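Chemist: any chance you could fold what I've pasted below:
(one chain, ligands or ions: 1)
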Amino acid sequence: MEPPRSVNVVDVCHVVPSTDLPDSAAAAPKSLPLTFFDILWLRLPPVQRLFFYETSSSKSSFYNSIIPKLKHSLSLTLHHYLPLAGNLTWPKDCPKPVIRYVDGDGVSLTIAESNMDFYHLSGDDFREVKECHPLLPELTVSQERAQVIALQVTLFPNDGFSVGITAHHAVLDGKTSMSFMKSWCRLCKQLGGGDSTLGPGLTPFYDRDVVKDPAGLEAIYANEWLNEKGPNNRSLMIWELNLRPGLVRGTFELTREDAEKLKKTLLQDSLLHVSTFSLTCSYTWVCLVKALRIREKKTHLGFNVDCRSRLKPALPENYFGNCITGRGAFVETEGLLGEEGLSFGIKAISKAIKSLDDGVLNRAEILASIIIGAKAKTEVTETETRSGSVSFAGSPRFEVYGIDFGWGRPRKVEMTSVDRTGAICISDSRNGNGGVEIGLVLKLHEMEAFASEFSKGLAKLRSI
Ligand SMILES: CC(C)(COP(=O)(O)OP(=O)(O)OC[C@H]1O[C@@H](n2cnc3c(N)ncnc32)[C@H](O)[C@@H]1OP(=O)(O)O)[C@@H](O)C(=O)NCCC(=O)NCCSC(=O)CC(=O)O
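Modeler: A predicted model of the protein is given here:
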């Protein structure tokens, strides 16, 4: 009889920041207050990503070469990213939470082995959402303290390994989280070469005085959380969002050629913001609304916006922390279902993107209450068919398929935490063709219907 498919934890290491490096001029700080951008995400579940690397590594090369290199380079990376080795706390005398690093703090790195099917887990066939959960570490979170990140490396003997990251959303947005991963890769590849610098693009920028808050968003968001469950609630507990039963993951791709063809189907209209992003969102939205046979009169689409370059004055691209806000479109469902559904969707998304020109933080004061309202709605509809409302997470700009530790590009990158949030993840494409990968989680029959709509639309397009 075959042994049951499982994941065995071999070791849980505590990796501390390296002390061997000379302190750079812009040394990472040991204490970092959260800004309003961070506080907004305080109760949200952590963001989890899984990177699968195909290698024919035996157990001995995994334990004697891969793991020591990953550990050593992680320690070097944490020297530059000290706050990631610390913990989030909300001291009694403090109006907002703080990230604190004290000597001896470090990151938990779980080493595991699995006899599960590497190619199934890292493929595009529908996969049960729970299958990959044992490949991801948990964050230790209590009322008083929350870990910032946790990592897990899992060997699939002779096939490859996976790297899982669980990151507290109140400390890192997608851009910072992926900069950390890119830094880790860079230092892993540079091991033995004597160079432990990150270069200007990856060196984190920690000055928080550059974040201006004329609208008092910090107090608004902090008060939402302080009073969420009774007054003066400084608990750092994060929401436990339940999984709907019977969910599967699916991955879809829009190639660069598909995107170009989609662009050509749209009427020339200078008011439209036609980008790979807006096309992908609109196309996915239309397919989803059709697949789920949405009956609600109106449907909503939400997405995140990187504020770094949009603030006045702009923040550096390597600003560490959260620097995102949200935008949305709320439209008549009928418009998405019609012949011109794609351009109808693009029009609504364009309007939302163009509204950024009037001020990227306009109406940001209502975001925390929107998040709380959305959570309440999720709880009510947990076991029902999901609504036609969609939110997009991730970004093709993060170039997650470029995250290479020296054993090749990933075979698959997945934002696994969308199984609880219901978001749709978009990223660059593994094929490196300038296309976009779309990752989503639905019930099996919903996913089949979505796949059918998605391929029907593309087949029509490709035949033009
Ligand atoms: C608001 C946006 C979504 C809108 O995107 P768009 O692509 O439609 O619009 P845009 O103005 O940014 O770019 C338009 C065109 O300019 C070009 N362009 C502009 N800036 C570029 C850049 N830095 N790199 C590459 N291309 C760029 C592209 O060619 C693109 O067209 P074309 O593409 O057609 O060639 C985006 O600007 C943005 O802020 N994205 C980041 C969102 C983000 O950070 N999400 C993660 C949230 S955190 C999260 O979700 C958790 C996690 O991830 O961990």
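
Chemist: Gly192 belongs to a strand?
Modeler: No: under DSSP: H, G, I helix; E, B strand; the rest coil, Gly192 sits outside any strand and is assigned coil.

Chemist: could you list the domains of this structure?
Modeler: 7-227, 247-463 (the TED database).

Chemist: what about the first one, average pLDDT?
Modeler: Averaging pLDDT along domain 7-227 yields 95.

Chemist: how far out from the middle of the chain is it?
Modeler: Centroid separation for domain 7-227 versus its chain: 12 Å, with C-alpha atoms, centre = their mean, to the nearest Å.

Chemist: quick one: that domain near the ligand?
Modeler: Yes: for domain 7-227 and the ligand, the contact criterion (C-beta under 6 Å from any ligand atom) is met by Val47, Asp173, Gly174, Lys175, Ser177. The C-beta positions use only the backbone N, C-alpha and C, and glycine is treated the same way.

Chemist: surely the third one and Ala393 touch.
Modeler: Yes: the criterion here is C-beta atoms under 8 Å, and Gly174 meets it with Ala393 at 7.4 Å.

Chemist: quick revisit: for the residues of domain 7-227 next to the ligand, which one is nearest the ligand?
Modeler: Using C-beta to the nearest ligand atom, Gly174 comes nearest to the ligand of the residues of domain 7-227 next to the ligand, at 2.4 Å.

Chemist: that closest one: what's it in contact with?
Modeler: Val47, Asn304, Ile324, Ala393, Gly394, Ser395, Phe398 (C-beta atoms under 8 Å, 6 or more residues apart in numbering).

Chemist: and the last one, what does it touch?
Modeler: Applying C-beta under 8 Å, 6+ apart, we find Phe398 in contact with Gly174, Lys175, Met178, Ser427, Asp428.

Chemist: what do you get if the cut-off is 6 Å, keeping everything else the same?
Modeler: Gly174, Met178 (C-beta atoms under 6 Å, 6 or more residues apart in numbering).

Chemist: look up how far Ser355 lies from it.
Modeler: 24 Å (C-beta to C-beta, to the nearest Å).

Chemist: hmm, back to that, narrow the residues of domain 7-227 next to the ligand to those in strands?
Modeler: Among the residues of domain 7-227 next to the ligand, the members falling in strands (DSSP state E) are Val47.

Chemist: between the residues of domain 7-227 next to the ligand, which sits nearest Phe344?
Modeler: Gly174 (27.9 Å; C-beta to C-beta).

Chemist: how many neighbours does Asn431 have?
Modeler: Asn431 is flanked by 12 other residues according to other C-beta atoms under 10 Å.

Chemist: on the three-state scheme, it is what?
Modeler: coil.

Chemist: next one: Phe252
Modeler: strand.

Chemist: contact partners for it?
Modeler: Here Phe252 is in contact with Ile438, Phe454 (C-beta under 6 Å, 6+ apart).

Chemist: what is it paired to in the beta sheet?
Modeler: On the basis of DSSP bridges, Phe252 is bridged to Ile438.

Chemist: check what pLDDT it gets.
Modeler: 97.

Chemist: circling back: check the residues of domain 7-227 next to the ligand and tell me the two furthest apart.
Modeler: Val47 and Lys175 (11.7 Å).

Chemist: in terms of neighbours, single out the busier of those two.
Modeler: Neighbour count, other C-beta under 10 Å: between Val47 and Lys175, Val47 has more, with 25 against 21.

Chemist: so that one bridges to which residues?
Modeler: Ala167.

Chemist: residues from the stretch 351-464 of the chain in reach of the ligand?
Modeler: So the stretch 351-464 of the chain meets the ligand at Ile353, Ala393, Gly394, Ser395, Arg397 (C-beta under 6 Å from any ligand atom).

Chemist: again but with the stretch 201-350 of the chain, I slipped
Modeler: His273, Ser275, Thr276, Phe277, Ser278, Phe303, Asn304, Val305, Asp306, Ile324.

Chemist: quick one: which of these sit in helices?
Modeler: Thr276, Phe277, Ser278 (DSSP state H).

Chemist: before we move on, the earlier item: can you lay out the contacts of Gly174 as a markdown table showing distance to Val7?
Modeler: Output for the contacts of Gly174, formatted as a markdown table (distance: C-beta to C-beta, whole Å):
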| residue | distance to Val7 |
| --- | --- |
| Val47 | 21 |
| Asn304 | 31 |
| Ile324 | 32 |
| Ala393 | 25 |
| Gly394 | 25 |
| Ser395 | 29 |
| Phe398 | 26 |
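
Chemist: and Arg430, how many residues sit next to it?
Modeler: Arg430: 20 neighbours (other C-beta under 10 Å).

Chemist: quick check: chain neighbours aside, which residue is closest to it?
Modeler: Nearest residue to Arg430, sequence neighbours excluded (C-beta to C-beta, 6 or more residues apart in numbering): Tyr401, at 5.2 Å.

Chemist: over to Leu311?
Modeler: Val360 (6.4 Å).

Chemist: next, that neighbour: secondary structure please.
Modeler: Going by three-state DSSP: Val360 is coil.

Chemist: ok, it touching Arg310?
Modeler: Yes: here Val360 reaches Arg310: they are 4.1 Å apart, a contact under C-beta atoms under 6 Å.

Chemist: these two: which is more packed in?
Modeler: More neighbours surround Val360 than the other of Val360 and Arg310, with 20 against 16 (other C-beta under 10 Å).

Chemist: check what pLDDT the more buried one gets.
Modeler: pLDDT for Val360: 96.

Chemist: ok, it to Ser270 distance?
Modeler: 22 Å.

Chemist: helix/strand/coil for Gly326?
Modeler: Assignment for Gly326 (three-state DSSP): strand.

Chemist: low-confidence bits of the stretch 351-464 of the chain, can you list those?
Modeler: 378-388 (pLDDT under 70).

Chemist: how about it: which residue is closest to the ligand?
Modeler: Counting by C-beta to the nearest ligand atom, the stretch 351-464 of the chain gets nearest the ligand through Ala393, at 3.5 Å.

Chemist: and Ser452, how many neighbours?
Modeler: There are 13 residues near Ser452, going by other C-beta under 10 Å.

Chemist: nice, that's everything, thank you.
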